[in-house]
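S.K.: My questions concern the predicted model and sequence given below.
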Amino acid sequence: MANLLACTVRTRLQAETLLMRMRAGNVPTAAISLLFRCESGALSLARDRDSHLSARSARDVPPDGMLGGVLGGLSGVTVMHLPMAGLHVVAGPLGAALQPDGSSAAACSLGQALQVLGLPEPGPAGGYQALVSDGQVLLAICDDRAGAMGAVARLLTAAGAEHVHYTDPCCHAQT
């Protein structure tokens, strides 16, 4: 199982800054997941392009001044419906954990998806659903490199990330 780090930030601008710092810190782009509430512009775009919500490429997610260029490097950018939380934009491995069948609706809760990726439940994984529903941006990193999560956690915490939890057998589970 991969090591997992999850954290939240309060704004999309803060998320963009953290994504750039992770890239500069050699966190593999394929390891990074992002989840944030869907703005009305993204929903309108999704409905205009298709009669149903489906996977979108990064260029289809309206940048509204934030995250446009940063999302361009993340894999699997999708607009999906989360149970009891509404429409969200999700990118990276978290999207695959939320919707393994590729549909436009999440097949499980955010807490369950984080648990599949390696974060303990109950506990940290279950608390992220409320934070995301409240408008915070979730960042998650899945990385197999031993000891990698401690350094990433320090980088994110120093840059203002909140609710930082990670698993790494090298360092034991941390909160």
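M.R.: Looks like it came in fine.

S.K.: now the strands: where do they sit in this protein?
M.R.: Using DSSP state E, the strands of the chain run over 3-9, 32-37, 78-82, 86-91, 137-143, 162-167.

S.K.: so which of those strands is the most packed in?
M.R.: When the strands of the chain are scored by mean count of other C-beta atoms under 10 Å, the highest mean neighbour count falls to strand 3-9 (a mean of 26). Quick note: C-beta positions are derived from backbone N, CA and C, even for glycine.

S.K.: okay if I get the strands of the chain as a markdown table plus mean pLDDT and distance to residue 130?
M.R.: Converted to a markdown table, the strands of the chain look like this (pLDDT from 0 to 100; distance: least, C-beta to C-beta, whole Å):
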| stretch | mean pLDDT | distance to residue 130 |
| --- | --- | --- |
| strand 3-9 | 90 | 10 |
| strand 32-37 | 90 | 13 |
| strand 78-82 | 81 | 12 |
| strand 86-91 | 85 | 13 |
| strand 137-143 | 90 | 11 |
| strand 162-167 | 89 | 10 |
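
S.K.: Compare those and give me the one nearest residue 112.
M.R.: Checking the strands of the chain against residue 112 by C-beta to C-beta gives strand 78-82 as the closest, at 11.1 Å.

S.K.: which strands and helices sit next to that closest one?
M.R.: Where contact means 3 or more C-beta pairs under 8 Å, 6 or more residues apart in numbering; DSSP states H and E, strand 78-82 is packed against helix 40-49, strand 86-91, helix 93-98.

S.K.: if we can go back for a sec, mind checking which of the strands of the chain is nearest residue 120?
M.R.: Smallest distance to residue 120 across the strands of the chain (C-beta to C-beta): 7.2 Å, for strand 162-167.

S.K.: Does that closest one pack against any helices or strands, and if so which?
M.R.: Packing contacts for strand 162-167, counted by 3+ C-beta pairs under 8 Å, 6+ apart, involve strand 3-9, helix 124-133, helix 148-158.

S.K.: could those go into a markdown table alongside distance to residue 79?
M.R.: Supplementary listing: the helices and strands packed on strand 162-167 in a markdown table, determined by distance: least, C-beta to C-beta, whole Å:
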| stretch | distance to residue 79 |
| --- | --- |
| strand 3-9 | 20 |
| helix 124-133 | 14 |
| helix 148-158 | 25 |
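
S.K.: Residue 36 is nearest to which of these?
M.R.: Taking the helices and strands packed on strand 162-167 one by one with C-beta to C-beta, helix 124-133 is closest: 7.6 Å.

S.K.: which residues are in contact with the closest one?
M.R.: Outside helix 124-133, the residues that touch it by C-beta atoms under 8 Å, 6 or more residues apart in numbering are 6, 8, 35-37, 82, 84-86, 88, 109-112, 114-115, 119, 138, 163, 165, 175.
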